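Enquirer: my questions concern the predicted model and sequence given below.
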Amino acid sequence: METMRLNNKYFMLTILFMVMGIVACDGVLDINDSPNNPTSSTPALTLPSGMLYSGQVIGIDFALMSGFTAQYWTQSPQAGQYEIYDRYNYNGSATQAGWSNAWYGAMADLQFVKKQGVIDGLSNHSAIATLLLAYQYQVMVDMFDQVPFDEAISGNEGILQAAYEPGEAVYDKLIDLVDEGLGMIVLGGIAPGAEDLMLQGDMETWAKFGNTLKLKIYMRQSEARPTVAQNGIQALESAGVVFLGSGENVAINYPGSTGNQNPLYSGDVSASPGIGNNNISGSASVIQRMLDADDPRVDFYYDPSVNASAHIPIVQGDGVEEDGSETRNDFSTPSSVNVAGPSTPVYYITGHESLFLQAEAVARGWISGDAKTAYDEAMNAAFVFADGADPTSLIADGGAYAYTGLESIHTQKWLSMAGTQCVEGWAEFRRTDTPALEQSSEGVAANLNGSKFPRRAFYPVVELSNNPNTPANSNIGDPVWWDINE
């Protein structure tokens, strides 16, 4: 998928878009060799560029692989560009765009803002960039496992072949990075305005974002290092930190005009510059669950079949086996408004995700509270997110979604991310192995090394060629460091 530079409703002026194009990081060789410097850019100009690159990474580059491997989506009939994911047969070519846009776009820009903001006395700009760097680093570890860190984030110039570090070690350093970002926040100080495409300088909510990110980083370690996870989460409660709540969604919003569109829409649905005619169908793994439960959110996450005017899902992988008589119009597709529309936001952390994290911490006994009450609060937030649907009957005793323990939390968290947070949804499925999914009917082409599902992304071919420190690609069935359940 060709790299796209998207704009935001707060950056509609053509001249500013042109400036962003001049100062962005296309063509650089290393995150520490960025052309973004005090003589060519400023934190105010570079922050939105970093955000837009990051939105590209999590909104399409990695969302496509994750959406299929989390079984939110499956390949439509009479098309084939996404069969590699349904067949579990993707390779290093599939991650080239995401890797490049992450390292040489988002993280290079954010690293510049982090450093230059301090020099220019713009501490809140630096804080936002630091928190987003931590977020992006976690995504990279969750996708690939080992990644460069010290030699990528230290500010050392000219390191073109950075050393890789174990994912576990990077996770420990992410906590310090988030703390650094939180420590930079100056409430009442100079805050970004329109250049903050996500929260428009609302530093109180950025602080909640950082706290929630720490909670997420700790919870991701629940199976691999439960003591570290527990101690870290209990420390957050003891410190009295405030997390994101219902409706507090940290996201990039897109106005929807040409050149200013959601990345998935622009790259997959739109004919210009995308491939045209969305070739993604809704997976029965989600849709059938929602239909069986009479869950109204199915209409939020998926459009019904054009030809049937009803939700018709495809069993994961079956779309590539259709005999040619059926088309994408015979099946449900990702929502053209809420998932793959021109104005659909790219979500980083949502309020209901935060509440599900808190509910799990309560259920594990790591923070105080009543687990069912916390779960019900998360469910209400998840339904509010989905156009204000009402979950009361579903979460009541005897209801289809009544609380039964950690499995309820994990399943509902996975459902609530169906297409809106694909990267996070795939990570959560790998961490919890919940819900119980069936292997794709076409998932037989790859040797999964004893695994039932893909557990990681492959390093891109270009990185393997250019950096001898890059770990060898082993097998997509090999788990990342925190994934120990299967």
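Expert: Alright, I've got the coordinates.

Enquirer: what pLDDT does residue 432 get?
Expert: We have a pLDDT of 98 for residue 432.

Enquirer: likewise for residue 485?
Expert: So residue 485 comes in at 81 (pLDDT).

Enquirer: OK, contacts around it?
Expert: Residues in contact with residue 485, defined by Cβ atoms under 8 Å, 6 or more residues apart in numbering, are 223, 430, 431, 432, 433. Any C-beta I mention is one placed from the backbone N, CA and C, and that applies to glycine too.

Enquirer: same question, residue 311
Expert: Shown in contact with residue 311 (Cβ under 8 Å, 6+ apart): 282, 287, 291, 298, 302, 304, 305, 332.

Enquirer: returning to that earlier point: could I get the contacts of residue 485 in JSON lines, plus columns for neighbour count and secondary structure?
Expert: As requested, the contacts of residue 485 are exported to JSON lines (neighbours: other Cβ atoms under 10 Å; DSSP: H, G, I helix; E, B strand; the rest coil):
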{"residue": "223", "neighbour count": "16", "secondary structure": "coil"}
{"residue": "430", "neighbour count": "25", "secondary structure": "helix"}
{"residue": "431", "neighbour count": "22", "secondary structure": "helix"}
{"residue": "432", "neighbour count": "20", "secondary structure": "helix"}
{"residue": "433", "neighbour count": "17", "secondary structure": "coil"}
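
Enquirer: which among those residues gets closest to residue 205?
Expert: The closest of the contacts of residue 485 to residue 205 turns out to be residue 431 (Cβ to Cβ; 26.1 Å).

Enquirer: helices along the stretch 1-150 of the chain, start to end?
Expert: 14-23, 43-56, 63-69, 83-86, 96-100, 108-119, 123-144, 150-153 (DSSP state H, counting those that start in this stretch).

Enquirer: against which helices or strands is the third one packed?
Expert: Using 3 or more Cβ pairs under 8 Å, 6 or more residues apart in numbering; DSSP states H and E as the contact criterion, the neighbours of helix 63-69 among helices and strands are strand 73-75, helix 83-86, helix 263-264, helix 422-432.

Enquirer: which of these comes out lowest on mean pLDDT?
Expert: helix 83-86 - the lowest mean pLDDT of the helices and strands packed on helix 63-69, at a mean of 92.

Enquirer: hang on, the earlier thing: save the contacts of residue 485 as CSV, and put in distance to residue 483 too.
Expert: Below are the contacts of residue 485 laid out as CSV (distance: Cβ to Cβ, whole Å):
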residue, distance to residue 483
223, 8
430, 5
431, 6
432, 10
433, 9
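
Enquirer: give the contact list for the residue positioned nearest the centre of the chain.
Expert: The structure's the chain has its C-alpha centroid closest to residue 423; by Cα atoms, centre = their mean the separation is 3.9 Å. Contacts for residue 423 (Cβ under 8 Å, 6+ apart) come out as 58, 62, 63, 66, 139, 142, 143.

Enquirer: write the PyMOL selection for whichever of those residues are buried.
Expert: Selection command for PyMOL covering only the buried members of the contacts of residue 423, criterion 16 or more other Cβ atoms under 10 Å:
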select buried, resi 58+62+63+66+139+142+143
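
Enquirer: now for the contacts of residue 423, which pair is the farthest apart?
Expert: 63 and 142 (13.1 Å).

Enquirer: would a markdown table of the helices and strands packed on helix 63-69 with distance to residue 214 be doable?
Expert: Below are these laid out as a markdown table (distance: least, Cβ to Cβ, whole Å):
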| stretch | distance to residue 214 |
| --- | --- |
| strand 73-75 | 30 |
| helix 83-86 | 31 |
| helix 263-264 | 27 |
| helix 422-432 | 15 |
